[in-house]
Structures are given as structure tokens and as C-alpha cells.
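# quick one: sequence plus predicted model below, questions after.
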Amino acid sequence: MAEKLIQSLNDSARAMLLQASMPQQFWSEAVITAAYVKNLLPRQQCRTLRTGWHNRQPPPLDHLRPFGCIVYPHIIKERRPKQSKYLSHATKGCLINYDHTTGDYRYYDFKRNVFDKTNHILIKGHHFPTTEDLLTAFLAPFPDLYADPLMRR
């Protein structure tokens, strides 16, 4: 039973990574998102338990967006440069998963190379990161990786 669930989550995560053209470094985030989505889906054996005993409606699914799609989160005022009147008030990233307790979206910021979360976000559900976006995000922390002659061997 557990092996079937693990296989199902791995298949879902693999499909999400391939569909979004995301690198394998995001596999853990994809598995977490797959488990979150799987837990939201209605199941026949739990329908009477959920609506009968707890008298609740099925969870809403309108907040779900495609894994890895392009997002433009609003940059909070404290993190903007001082002379930012004419600079962009959003940065480019990709959607990773959802925080169901606060309603925030978790995303990967290409410019800062960090994971962050916010609820002030513009989501482009049909646009996904290009190879250039991902290369600049992953090569930015290591610009001189092969500058040392010893590393070229």
C-alpha cells in the first residue's frame, strides 16, 4: 500500500517537473506539492467521513495553479532599493507550492536564488521558465566555477 502511494507521488512529481521543464533540484518541492494536491482530491471512502461527521464542504480548489509556472511577486517596500521610484516593484520567479495555513504561495526567486512566500503575487499559469531563466538562477551563485585552472581537469 505504501509503495503504491510513493510510486504515485513520484510519478506525479516527475510529470510536474517535466511539464514545467524544471531541473531535478526541485524534486523534493514537486513531491510535497504532489502530496498536497493528492490530499485535496476527493476520495470515495472519505466522502461520508468528511461531510457527515464534520459537516464540512469539500475543500476549494480555485487556489491551485500549475507547478513551476512563472510568477511575479510584489517586492515589499523594506526590500526595495532606496531610489526605487522608477524600478520594478516585482521580481520574476516560479511557483513551487502552497501554504494552506496562511494562504501564501511559495515560489523560487530567480534574482535572489532563494525560496520565499507571499500572497501578493501575479501568476502566469500558462508560462513556464525558460532555460535562460533557470541557467541564470543556478549559475549566478557560482560565476567563477571554472576560473581556477585546477577545476578544468
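On my side now, so go ahead.

# contacts, neighbours, all on C-alpha from now
OK.

# so in this protein, which helix runs the longest?
Using DSSP state H, we find that the single longest helix of the chain is helix 2-20.

# so after the helix or strand of the chain with the lowest mean pLDDT, what's the next helix or strand?
Among the helices and strands of the chain, helix 44-48 carries the lowest confidence by mean pLDDT, DSSP states H and E, at a mean of 55. Next in sequence after helix 44-48, counting helices and strands by DSSP states H and E, comes strand 70-73.

# give the pairing partners of that following strand; include direction for each.
Strand pairing for strand 70-73, determined by DSSP bridges: strand 93-99 (antiparallel), strand 121-124 (antiparallel).

# middle-most residue in this structure, spatially?
residue 96 (0.5 Å; C-alpha atoms, centre = their mean).

# so who does that one touch?
Counting by C-alpha atoms under 8 Å, 6 or more residues apart in numbering, residue 96 touches 29-30, 33, 67-68, 105-108.

# what subset of these is buried?
The neighbour count (16 or more other C-alpha atoms under 10 Å) marks 29-30, 33, 67-68, 105-108 as buried among the contacts of residue 96.

# just the ones of those residues in helices?
Filtering those for helices - DSSP H - leaves 29-30, 33.

# just put these in a markdown table and tack on distance to residue 20 and pLDDT.
Output for these, formatted as a markdown table (distance: C-alpha to C-alpha, whole Å; pLDDT from 0 to 100):
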| residue | distance to residue 20 | pLDDT |
| --- | --- | --- |
| 29 | 13 | 89 |
| 30 | 11 | 91 |
| 33 | 13 | 89 |
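
# now these as JSON lines including distance to residue 76?
Converted to JSON lines, those look like this (distance: C-alpha to C-alpha, whole Å):
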{"residue": "29", "distance to residue 76": "24"}
{"residue": "30", "distance to residue 76": "27"}
{"residue": "33", "distance to residue 76": "26"}
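
# if we take these, which one ends up nearest to residue 130?
residue 30 (18.0 Å; C-alpha to C-alpha).

# so what's the residue nearest to residue 119 when sequence neighbours are not counted up against?
In this structure, residue 119 finds its nearest non-sequential neighbour in residue 104, 4.5 Å apart by C-alpha to C-alpha, 6 or more residues apart in numbering. For residue 104, the contacting residues are 98, 117-119, by C-alpha under 8 Å, 6+ apart.

# who wins for most neighbours among those?
In terms of neighbour count, residue 98 stands highest of these at 23 neighbours, by other C-alpha atoms under 10 Å.

# good, we can wrap up now.
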